[in-house]
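Visitor: take a look and give me a structure for this.
(2 chains)
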Amino acid sequence: MADAVRVRFAPSPTGHLHIGGARTALFNYLFARHNNGSFILRIEDTDRTRSTEEYIGSILEGMRWLNLDWDEGPYRQTDRFDIYQRYAQNLLKEGKAYPCYCSPEELEQRRQEALAQGKSPKYDGRCRNLNSPPPDRKPAIRFMMPQEGEIIVDDLIHGKVVFDNAQLDDLIIMRSDGTPTYNFTVVVDDVDMNITHVIRGDDHLNNTPKQIHIYQSLGYELPSFGHLPMILGSDKARLSKRHGATSVIAYRDMGYLSEALVNYLVRLGWSYGDQEVFTIDELIRYFSFEHIGKSAAVFNPEKLLWLNSQYIMKSTPGELVDLVMPFLIKEPIINEGQISDRVWLSKAISTLQERSRTLVELAQSLTYYIADEIEYNVKAKEKFLNEKYLANLTEVKASLETVDTFVAAEIEKVFTSASQKLETKLGNIAQPVRVAVTGKTESPGIFEVLEILGKEKTLNRLARAIHVITMKS
RNA sequence: GGUCCCAUCGUCUAGAGGCCUAGGACGUGGCCCUCUCAAGGCCGUAACACGGGUUCGAAUCCCGUUGGGACUACCA
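Guide: Next up, the predicted model:
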């Protein structure tokens, strides 16, 4: 099993788990599972000023919600400083890295000058062969990049990409405060953790040649690289807060199912013929790099919403009871601890499944089933709770009072005969009743609604509606 | 500025030289169903960025142009 697949997702805890990161994690996960390999989670928190514990927690929460279970970790780079230190000292000893005494301020100034003159803001290598180091400064450590020749990145998605070594900078691998930097820690960790495939965003393609040189200096074999295309906002700019919600947790709170988000994310850049909806097992089975596109994808909330509605329809009412419960409590439509009858709630939910695109919508629609009193939508009330429909409501109420088995089929009979007796279309009876019991002009089939509501609530609401009309006139 | 990546309907994509008068999905328009709203069904709408090659033949291969993106930090 020496060549067992080992991949990793390595987020930086400088923000919540966002859409782009989640997709990178997902592709790593699918690749690992497809190959019976290992999926490793590593927190890249070497930037101590921007990393927070809160974000680490949030990222893990997002990963768990998406069901992207990892096999190892989370490792934290801040726990591994001694390892980087050791590798850096070795490079120093072997003359493959050197101390640099330039201060950040000096460096920044030279950068600006170079930029102003239209030159490349590359480090000039002035500390490469320093004879007399300034005594009072703590140096950073720079990696000695080859200055000529070219290097080829053989990418799983992009194929061979050629870079000119002269273009590469002597990058800092250890800061003057002794902490390591990104391009160094990734390599050390990927070596140390036996990562076989580095699957990450396109934005890292330019870093790859530098990292390859570090691998080679360290004397290690290269992993395979695969650079995923980016996710863009509607204006084709990199996806950010400006485009609306970007954190995975925000989608959970907006009532999306994690399976729907996963399904949506995977289709951003990956395809399997014409198939749009996949189970996670199918994704694992079908996943392959051959079907990953090269171009960036625009995040489209409309399609995500559609997928979510598909998943809500596919779910069983029983599953939805559990999923919608937190939203019912949050609204609040029911009080925490107030245990509703699950069977009854399932039945109510089953009427709403194909009418709810999110769990939030589902919870809100459930209100008129659960609440003691409903609120009338102003327009609905004006249009249907008036003199014109009074006789219809009164007739239906009177007939319903005589129904013993209060089920949809029996209720329908009442409506049909009322329609004949009053010589009016069914709609002229159903709509005012609908407003009377739900407060709105849209709802599931009225017979079903009344059955679920039960005889008592139905009659009470009809009575109230009749009362409202009578008072008005 | 330099380096690198990318380029099919508004959006996600199928397409690996002839199967393409370019297919599917979201959206959107119309119709059907119908107690409302949905769901569902049917029918539309809409794309190979541009210019050169290569080839009997190009959305597919090559070059250039244009456009977009990424990187260019003692961030990751």
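
Visitor: all contacts plus neighbour counts: C-alpha atoms, from now on.
Guide: Noted.

Visitor: wait, A:His213 sits on A:Met145?
Guide: Yes. Contact criterion Cα atoms under 8 Å: A:His213 and A:Met145 qualify, at 7.2 Å.

Visitor: report the buried residues of the helix or strand that A:Ile151 is a member of.
Guide: Assessed by DSSP states H and E, A:Ile151 sits inside strand A:150-155. Buried residues in strand A:150-155, defined by neighbour count with 16 or more other Cα atoms under 10 Å: A:151, A:153, A:155.

Visitor: leaving out sequence neighbours, find the closest residue to the first one.
Guide: Beyond its immediate neighbours in the sequence, the residue positioned closest to A:Ile151 (Cα to Cα, 6 or more residues apart in numbering) is A:Phe163, lying 5.3 Å away.

Visitor: wait, a helix at the one you found?
Guide: No. Membership of A:Phe163 in a helix is not supported by DSSP: H, G, I helix; E, B strand; the rest coil, which gives strand.

Visitor: need the CA coordinates for stretch A:180-195. PDB is fine.
Guide: Extracted as PDB, the C-alpha positions of stretch A:180-195 are listed here (Å, rounded to 0.1, in the frame of the first residue of the first chain):
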ATOM      1  CA  PRO A 180       7.700  29.800   8.900                       C
ATOM      2  CA  THR A 181       5.900  31.000   5.800                       C
ATOM      3  CA  TYR A 182       3.300  29.400   3.600                       C
ATOM      4  CA  ASN A 183       5.300  28.200   0.600                       C
ATOM      5  CA  PHE A 184       7.700  26.400   2.900                       C
ATOM      6  CA  THR A 185       5.200  24.900   5.400                       C
ATOM      7  CA  VAL A 186       3.100  23.400   2.600                       C
ATOM      8  CA  VAL A 187       6.000  21.600   1.200                       C
ATOM      9  CA  VAL A 188       7.400  20.400   4.500                       C
ATOM     10  CA  ASP A 189       3.900  19.200   5.600                       C
ATOM     11  CA  ASP A 190       3.000  17.600   2.300                       C
ATOM     12  CA  VAL A 191       6.300  15.700   2.500                       C
ATOM     13  CA  ASP A 192       6.000  14.900   6.100                       C
ATOM     14  CA  MET A 193       2.400  13.700   5.700                       C
ATOM     15  CA  ASN A 194       3.100  11.700   2.600                       C
ATOM     16  CA  ILE A 195       0.600  13.600   0.500                       C
END
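
Visitor: quick one: buried residues of that stretch?
Guide: So stretch A:180-195, judged by 16+ other Cα under 10 Å, has buried residues A:180-191, A:194-195.

Visitor: mean confidence for that stretch?
Guide: Stretch A:180-195 shows a mean pLDDT of 97.

Visitor: swap in stretch A:456-469?
Guide: 94.

Visitor: which residues does that stretch contact?
Guide: The contact list for stretch A:456-469, computed with Cα atoms under 8 Å, 6 or more residues apart in numbering, reads A:385-387, A:390, A:393-394, A:397, A:400-401, A:433, A:436-437, A:450.

Visitor: pLDDT-wise, which helix or strand of chain A ranks last?
Guide: Lowest on mean pLDDT, DSSP states H and E among the helices and strands of chain A sits helix A:104-116, with a mean of 86.

Visitor: can you list the strands that the helix or strand just after it pairs with?
Guide: Reading on from helix A:104-116 to the C-terminus, the next helix or strand found by DSSP H and E is strand A:140-143. Note on strand A:140-143: by DSSP bridges, its sheet partners are strand A:97-100 (antiparallel), strand A:172-174 (antiparallel).

Visitor: ok, and what's touching the last one?
Guide: Surrounding strand A:172-174, the residues in contact under the criterion Cα under 8 Å, 6+ apart are A:88, A:140-143, A:180-184.

Visitor: give me the subset of those that also touch RNA strand B.
Guide: A:140, A:180-183 (Cα under 7 Å from any atom of the strand).

Visitor: okay, now the unreliable bits of the stretch 101-250 of chain A?
Guide: Nowhere does the stretch 101-250 of chain A drop to pLDDT under 70.

Visitor: returning to what we had before: export the buried residues of strand A:150-155 to TSV and append columns for distance to RNA strand B.
Guide: As requested, these are exported to TSV (distance: Cα to the nearest atom of the strand, whole Å):
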residue	distance to RNA strand B
A:Ile151	10
A:Val153	9
A:Asp155	9
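
Visitor: how about the helices in the stretch 201-350 of chain A?
Guide: A:208-218, A:248-253, A:258-266, A:280-286, A:301-314, A:317-330, A:342-352 (DSSP state H, counting those that start in this stretch).

Visitor: return the most buried member of those helices.
Guide: helix A:258-266 (a mean of 21; mean count of other Cα atoms under 10 Å).

Visitor: and that one, how far out from the chain's middle?
Guide: Averaging C-alpha coordinates over helix A:258-266 and over its chain gives two centres that are 8 Å apart (Cα atoms, centre = their mean, to the nearest Å).

Visitor: that one to helix A:301-314, inter-axis angle?
Guide: 140 degrees (axes from the mean of the first three to the mean of the last three Cα atoms, to 10 degrees).

Visitor: and the contacts of helix A:258-266?
Guide: So helix A:258-266 is contacted by A:19, A:23, A:26-27, A:65-67, A:252, A:277-280, A:303-304, A:307-308, A:311 (Cα under 8 Å, 6+ apart).

Visitor: convert that helix to PDB, retaining C-alpha atoms only.
Guide: Extracted C-alpha coordinates of helix A:258-266, given in PDB (Å, rounded to 0.1, in the frame of the first residue of the first chain):
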ATOM      1  CA  SER A 258     -25.900  20.100   2.900                       C
ATOM      2  CA  GLU A 259     -26.400  17.400   0.200                       C
ATOM      3  CA  ALA A 260     -27.900  20.100  -2.100                       C
ATOM      4  CA  LEU A 261     -24.900  22.400  -1.600                       C
ATOM      5  CA  VAL A 262     -22.500  19.500  -2.200                       C
ATOM      6  CA  ASN A 263     -24.300  18.600  -5.300                       C
ATOM      7  CA  TYR A 264     -24.300  22.200  -6.500                       C
ATOM      8  CA  LEU A 265     -20.600  22.700  -5.700                       C
ATOM      9  CA  VAL A 266     -19.500  19.600  -7.400                       C
END
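
Visitor: what average pLDDT does that helix get?
Guide: On average, helix A:258-266 scores 98.

Visitor: that one near RNA strand B at all?
Guide: No. Counting by Cα under 7 Å from any atom of the strand, RNA strand B is not contacted by helix A:258-266; separation bottoms out at 7.6 Å.
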